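Q: prediction below, plus the sequence it came from.
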Amino acid sequence: MKTKVAIIGAGPAGTALGLRLQQAGIDCVVLERQSREYVLSRIRAGILEWESVQFLEQLEVSTRMHAEGHRHDTIKLGWQATKVLELDMRALAGKPMMAYGQTQVQEDLYAAADERGLPIVFEAGDVELHDVLGSPSVTYTVPGGDQQRVECDVIAGCDGFHGASRAAVPESARTEYLKAYPFGWLGILSETPPLPALIYANSEQGFALASQRNPMLSRYYVQCPLTDSVDEWSDDRFWSELLARLPASEVEDLVTGPSIEKSIAPLRSFVVEPMQWGNLYLAGDAAHIVPPTGAKGLNLALSDVYYLSEAIIADDRGDADGLASYSARALPRVWGSVRFSWWMTMLLHRFPDQTPFEQKAQEKDLDYLAASAAAQTSLAEQYVGLPF
Ligand code: APR
Ligand code: PHB
């Protein structure tokens with residue numbers, strides 16, 4: 001098979017890129033290792049920057065998001081058990097956010113792909129990249145075991161942190177920046193009415209977050225040691241930890257109930273530079289990972305896709321410079337979100353080796369935020385996201 005762009009990975013990055021290229025009349029095919037059901041079963045974060053909302057509108061996949069998503073103007077921060085700061089993003093930074101799950105975004109992207117005939121090959125095994133510096137191609141196996149080859153001009157590596165694309169770049173041609181945090185987030189979904197506010201809490205027992213999916217679906221998280229397993233976390237234990245960590249004034253109406261999903265995710269920050277090598281271009285989690293504290297992962301994947309699709313479209317129209325500068329255009333926004341997510345993580349978590357000095361400095365940071373309009377504006381403009 002011959003195409004212009006072979007896209008590896010049909011997560012949000014790969015599927016959105018496919019839809020954008022198809023809109024521009026550029027031939028592409030998407031190769032996904034997992035089944036569609038598997039991709040849709042992954043539970044991930046759920047806060048969209050307004051920039052992402054507008055990009056999904058441009059892709060014409062925003063109808064359900066506008067009907068079911070929840071426009072969100074504020075977040076709350078809690079610390080030292082009783083202190084609560086409400087930040088109005090619209091007042092501080094001129095833009096709201098949208099609470100809408102990544103799973104729903106992915107469903108909408110697949111529905112559009114079906115409707116518009118975007119070719120996505122699910123269960124494509126053993127994906128390998130060939131001759132990336134010359135005439136590129138990608139081989140894969142179909143469930144029966146037969147090998148297929150896609151010849152292309154451009155390979156888009158959208159296959160996540162553990163994918164084949166980044167690994168195909170020789171070590172000498174990439175620099176990796178990694179920070180691992182000494183804890184994870186235990187997250188649950190429960191069919192209970194969520195708290196009205198999105199609340200990030202720094203407490204003596206560790207971080208906690210109250211979030212939502214829809215009027216009868218709540219999403220909560222607590223910081224936990226990396227060595228914990230979900231079996232050690234009964235629902236009762238989860239709820240009592242959550243209630244102890246969120247500010248008392250915010251949880252009077254918190255409704256508990258059985259969890260319908262429970263998982264632990266490690267926290268890390270990661271960036272590879274550059275985000276391209278020969279005819280291979282990396283986007284989304286293939287190029288960077290952020291801890292979920294700033295809710296940036298999906299948003300950053302979509303901004304990469306914006307830059308990469310613009311570059312491929314420019315290239316298709318004869319401007320070779322577009323692709324050459326993709327990484328240089330995408331990286332400043334990547335580092336902006338990576339730095340912000342790191343800063344939010346450092347501000348809100350308890351570190352196992354935290355000294356009393358660091359503890360005091362962390363509390364002062366939060367007190368300063370409560371007292372300074374400039375500090376609030378700085379947080380807000382980064383939380384709502386810088387323009388593409
Ligand atoms: N071959 C083909 N597909 C692959 C391979 C491979 N070797 N390896 C991984 N994949 C697929 C995965 O199965 C997954 O569906 O690539 C897809 C990558 O999707 P994501 O991990 O969701 O990454 P991305 O599309 O960049 O979206 C980033 O997802 O992880 C969250 O927080 C993150 O919200 C962010 C978003
Ligand atoms: C979520 O709703 O899952 C969520 C919200 C905000 C975050 C992270 C996750 O910062």
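A: Perfect, I can see it now. Values in this document were obtained by computation on a predicted structure and should not be read as measured data. Ligands and ions are numbered 1, 2, ... in the order given.

Q: ok, now which ones touch the most centrally placed residue in the chain?
A: Nearest to the mean C-alpha position of the chain, by Cα atoms, centre = their mean, lies Gly297 at 1.9 Å. Gly297 makes contacts with 44-45, 285, 289-290, as judged by Cβ atoms under 8 Å, 6 or more residues apart in numbering. (C-beta placed from N, C-alpha, C; glycine too.)

Q: what's the burial count for Ala324?
A: 12 (other Cβ atoms under 10 Å).

Q: against Val334, how distant is it?
A: Ala324 sits at a distance of 18 Å from Val334 (criterion: Cβ to Cβ, to the nearest Å).

Q: same question for Pro119.
A: 29 Å.

Q: between these two, which is the more surrounded one?
A: With neighbours defined as other Cβ under 10 Å, Pro119 and Val334 compare such that Val334 has more, 22 against 15.

Q: what sits closest to the more buried one if chain neighbours are left out?
A: His288 (5.3 Å; Cβ to Cβ, 6 or more residues apart in numbering).

Q: same check, this time on Val169
A: Trp277 (4.4 Å).

Q: residues contacting the one you found?
A: Trp277 makes contact with 132-133, 168-170, 173-174, according to Cβ under 8 Å, 6+ apart.

Q: for it, name its beta-bridge partners.
A: Leu280 (DSSP bridges).

Q: what's the neighbour count on Val290?
A: 27.

Q: nope, Asp146 is what I meant
A: 8.

Q: surely Tyr110 touches Leu40?
A: Yes. Assessed by Cβ atoms under 8 Å, Tyr110 is found in contact with Leu40 at 7.4 Å.

Q: so how far is ligand 2 from the nearest residue to Leu133 once chain neighbours are set aside?
A: Spatial nearest neighbour of Leu133, excluding adjacent residues (Cβ to Cβ, 6+ apart): Gly278 at 4.0 Å. Gly278 sits 35 Å away from ligand 2, going by Cβ to the nearest ligand atom, to the nearest Å.

Q: quick one, grab the pLDDT at Gly278.
A: pLDDT recorded at Gly278 is 98.

Q: got the phi/psi numbers for it?
A: Main-chain torsions, Gly278, degrees, to the nearest 10: phi 60, psi -130.

Q: sec struct for Ile260, please.
A: strand (DSSP: H, G, I helix; E, B strand; the rest coil).

Q: quick check: the residue nearest to Val334 vs ligand 2, distance?
A: 16 Å.

Q: what do you get for Ser234?
A: Following Cβ to the nearest ligand atom, the distance that separates Ser234 from ligand 2 is 21 Å.

Q: okay, now that residue: neighbour count?
A: 12.

Q: with Gly78 instead?
A: Neighbours around Gly78, by other Cβ under 10 Å: 26.

Q: just checking: what are the partner strands of the helix or strand harbouring it?
A: Assigned by DSSP states H and E, Gly78 belongs to strand 74-79. When pairing is defined by DSSP bridges, strand 74-79 lines up against strand 83-88 (antiparallel), strand 199-202 (parallel).
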